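Colleague: Predicted coordinates and the sequence they were generated for:
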Amino acid sequence: MASGTSTQPDNRLNIRQFLSDVWSLTKPYFVSEEWVSAWGLLLAIFALNMALVGMTVILNFWRNDFYNTLQNFDAWGFSQLLFLGRHSDHGIFGYMPGFTAVAVLWVFVGIYSTYLNQMLQIRWRRWMTVQFLNDWLADRAYYRISMTYQSGEVGTDNPDQRIAEDLRDFVSTTLSLSLDFVSNVVQVSSFIMILWGVSGAITLFGWNIPGYLVWGVIIYSIIGTYLTHLVGKVLAKLRFVQQKAEADWRYGLVRVRENAEGIALYNGEEDEKTALRERFHDVVSNWWDIMIRTKKLNALTLSYSQAAVIFPYALAAPRYFAKAIQLGGLMQIADAFGQVQGSLSWFVSSYGSLMQWQAITARLTTFQRAIELARAAHGTGITVQDSNGNDVLVHDLTLELPTGAKLLDHESITLERGKAVVVTGVSGSGKSTFFRAIAGIWPFGSGKIERQTERCLFLPQRTYIPLGNLARVVAFPNPVSAYDRGDIAQALSDAGLPHLTDMLDIDDKWPQRLSGGEQQRIALARALLFKPDWLFLDEATASLDPEAETFFYRTLKERLPNTTIVSIAHRPAVASFHDERLIVQKGENGAPGKLVRGTIGE
């Protein structure tokens, strides 16, 4: 994954790249196993939108007849056009429906157009969410991304926002803008023919210009579109930055919530407040930039739209005062002009949404590429192979930090089945990194490790507590259904937590409710349930007092006699439960360290 690339998009809108990115995100769903329902809903929504355009065309001709009845003081015709309809040269098959019938149909179509649109949104979002989650979690891409994240790294920050919010916004915005665009294309095609037919010709500077209202609306729309893009093009970059700033701000708040006890014990409220204010300052500062740019854009677009109200009347007035058209014709021209101008000015009216769409698409595609790069790197560097033997074999292992500094260089060692090993070394020597390499999750370095891949369990110093009821917490990483409920309760009791055995079905905030020591006892209960052949403990008893730590290891030895234990620990009491000692020696002056065998009691 390349670093040093700006996380911000270019101010210029690369239409080809943008549409290519939109297509790469959109296509998979519409060719997936759900393609029938996806296309069925999309076509149904499209048909309903076309029905709305058709009714708009009908109302344009209805407006001509309606205003003519007003000009002619035709009360009966006025009533017919409001309710029942009547025969008309402008109607369908010589009949103009009443406004009531069109309005009722409009409401029905509008309701189901929105309903089916929302149905497609949630189905599409569900499918994309599952795909992104699968890819993000596959091959431990999420771990590599978190380890390689830098402030300048494209696509790696705030994956929670990209999956939860950006996917939702991409689906809704893509549907709304795409359908709106198609509707406007059909609408402009329909009304431009109407406008051409009713506008007539005008002589200007000796030139006879047929359909002059059509040329007027085209020129008006082109000028408005160009000016809008000129003023608003920087919004894409500002929207992109705003989404990142908002996500960073929210993440800071989540961190405070998740680490409330630690902050309280340190009396660290003032420092956290300062850090949160700095994050929120980024939100506010960029928002001011958006406000200023939006103000300029609104000044243009609102002026443009207000001028568009009177512009068609000004253009059509000469023909009306020359009595070439009636009031109904004038109103029809104004409506047709407004429909064409509105459709041709779709870019102007949708500019803010388009810039938001571009920012969302950029965040999703860069995230997707970061996942692809992380998954492509899986299996490179340090490789872990399933072993047919009982031992753990480490071949030619080189461990590196993300900076490139080497912790170990071409080290080899064998951990024998049945011989418990305690791993020691000074802080920073690479003990935990060595365990991560054996686990197969450390992405930096080279070498090969052979071990049983199915019957190994790794317990980190900080026990992970998932969301859900206590039974799920204890059974993790396996589903609750993998164990008998009685076995789960027994494991809790054997781990020194008998007071929790009646709370297996309670869904609580267990990460906050359980103390550090209780969480490490939960890890013991998991090991008792899992019954691994190899158990790796990375200071998994650091939160326990010496007596509880002794209980922890004695329980493992008694309940899991066939499990080989490999522990990172410092206390002599822990070493006494092991048969061998492995020292991770730290190199001097930045040189790589070494793996050295020692004896218990050193």
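Modeller: Cool, got the structure.
Colleague: use CA for all of it now, contacts and neighbours both
Modeller: Noted.
Colleague: domain parsing for the chain?
Modeller: The chain breaks down by automatic domain parsing into domains covering 15-376, 382-598.
Colleague: pLDDT of the shortest one, averaged?
Modeller: To tie it back to what came earlier, the one meant is domain 382-598. The average pLDDT for domain 382-598 rounds to 90.
Colleague: again, but for the first one
Modeller: Averaged over domain 15-376, pLDDT sits at 84.
Colleague: Kindly reformat the domains of the chain as JSON lines containing mean neighbour count.
Modeller: Compiled in JSON lines, the domains of the chain are given as follows (neighbours: other CA atoms under 10 Å):
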{"stretch": "domain 15-376", "mean neighbour count": "17"}
{"stretch": "domain 382-598", "mean neighbour count": "18"}
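Colleague: what secondary structure does residue 577 sit in?
Modeller: At residue 577, secondary structure determined by DSSP: H, G, I helix; E, B strand; the rest coil is coil.
Colleague: hang on, it packs against residue 555?
Modeller: No: counting by CA atoms under 8 Å, residue 577 does not reach residue 555; the two are 11.0 Å apart.
Colleague: can you map out the strands along the protein?
Modeller: Assigned by DSSP state E, the chain shows strands spanning 86-92, 95-96, 201-204, 207-210, 382-386, 392-400, 406-415, 421-424, 445-451, 456-459, 534-538, 564-568, 580-585, 594-598.
Colleague: dump the residue contacts of residue 172.
Modeller: Applying CA atoms under 8 Å, 6 or more residues apart in numbering, we find residue 172 in contact with residue 121.
Colleague: ok, which stretches of the stretch 401-550 of the chain are helices?
Modeller: Applying DSSP state H, counting those that start in this stretch to the stretch 401-550 of the chain gives helices spanning 431-439, 470-475, 485-494, 510-513, 516-530, 546-559.
Colleague: Tell me the spatial nearest neighbour of residue 533, not counting adjacent residues.
Modeller: Once flanking residues are discounted, residue 533 sits nearest to residue 563: 4.6 Å by CA to CA, 6 or more residues apart in numbering.
Colleague: Now do the contacts for the one you found.
Modeller: 418, 531-535.
Colleague: Report the two of those separated the most.
Modeller: Farthest-apart pair in these is 418 and 531; separation 14.3 Å (CA to CA).
Colleague: thinking again about what came up before, show me which of the contacts of residue 563 is closest to residue 362.
Modeller: residue 535 (43.0 Å).
Colleague: Surely the closest one and residue 568 touch.
Modeller: No: Residue 535 lies out of contact with residue 568 (CA under 8 Å); the separation is 11.3 Å.
Colleague: Now do stretch 197-214: distance from first to last residue.
Modeller: End-to-end span of stretch 197-214 (CA to CA, to the nearest Å): 10 Å.
Colleague: just to revisit the earlier point, quick check: the residue nearest to residue 533 vs residue 576, distance?
Modeller: 16 Å.
Colleague: quick revisit: want to try CSV for the contacts of residue 563, with distance to residue 353 as columns?
Modeller: Below are the contacts of residue 563 laid out as CSV (distance: CA to CA, whole Å):
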residue, distance to residue 353
418, 64
531, 55
532, 54
533, 56
534, 55
535, 53
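Colleague: and the strands of the chain as a markdown table, adding distance to residue 140?
Modeller: Converted to a markdown table, those look like this (distance: least, CA to CA, whole Å):
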| stretch | distance to residue 140 |
| --- | --- |
| strand 86-92 | 62 |
| strand 95-96 | 65 |
| strand 201-204 | 69 |
| strand 207-210 | 66 |
| strand 382-386 | 13 |
| strand 392-400 | 18 |
| strand 406-415 | 22 |
| strand 421-424 | 26 |
| strand 445-451 | 16 |
| strand 456-459 | 15 |
| strand 534-538 | 19 |
| strand 564-568 | 23 |
| strand 580-585 | 26 |
| strand 594-598 | 27 |
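Colleague: Quick one: closest of those strands to residue 16.
Modeller: Comparing the strands of the chain under CA to CA, the one sitting nearest is strand 207-210, at 36.0 Å.
Colleague: Counting by contacts, list what that closest one packs against.
Modeller: strand 201-204 (3 or more CA pairs under 8 Å, 6 or more residues apart in numbering; DSSP states H and E).
Colleague: Can I get stretch 412-429 in CSV? Just the C-alpha atoms.
Modeller: Output of stretch 412-429 as CSV, limited to C-alpha atoms (Å, rounded to 0.1, in the frame of the first residue of the first chain):
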residue,chain,number,x,y,z
SER,A,412,15.0,-20.4,13.5
ILE,A,413,13.7,-22.4,16.4
THR,A,414,11.5,-25.4,17.3
LEU,A,415,8.9,-25.4,20.0
GLU,A,416,8.3,-29.0,21.0
ARG,A,417,4.8,-30.4,21.7
GLY,A,418,4.4,-31.2,25.4
LYS,A,419,7.0,-28.8,26.7
ALA,A,420,5.7,-25.6,28.1
VAL,A,421,7.8,-22.6,27.2
VAL,A,422,7.9,-19.2,28.9
VAL,A,423,9.1,-16.4,26.7
THR,A,424,10.9,-13.5,28.3
GLY,A,425,12.8,-10.4,27.3
VAL,A,426,13.0,-6.7,28.0
SER,A,427,10.2,-4.4,26.8
GLY,A,428,10.4,-3.6,23.1
SER,A,429,12.4,-6.7,22.3
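Colleague: Tell me how far that stretch lies from the chain's centre.
Modeller: From the chain centre to the centre of stretch 412-429 is a distance of 41 Å (CA atoms, centre = their mean, to the nearest Å).
Colleague: and what of stretch 428-439?
Modeller: Using CA atoms, centre = their mean, the offset of stretch 428-439 from its chain centre is 32 Å.
Colleague: closest one to residue 116 among the strands of the chain?
Modeller: Of these, nearest to residue 116 by CA to CA is strand 86-92, at 28.3 Å.
Colleague: Paired strands for the closest one, with orientation please.
Modeller: Pairing partners of strand 86-92, with direction, according to DSSP bridges: strand 95-96 (antiparallel).
Colleague: How about the contacts made by residue 294?
Modeller: 232, 235.
Colleague: should've said residue 125
Modeller: By CA under 8 Å, 6+ apart, the contact set of residue 125 is 167-168, 171.
Colleague: swap in residue 190?
Modeller: Going by CA under 8 Å, 6+ apart, residue 190 touches residue 57.
Colleague: thinking again about what came up before, just send the helices of the stretch 401-550 of the chain back as CSV, with distance to residue 211 too.
Modeller: Shown next, in CSV, are the helices of the stretch 401-550 of the chain (distance: least, CA to CA, whole Å):
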stretch, distance to residue 211
helix 431-439, 75
helix 470-475, 73
helix 485-494, 81
helix 510-513, 72
helix 516-530, 79
helix 546-559, 90
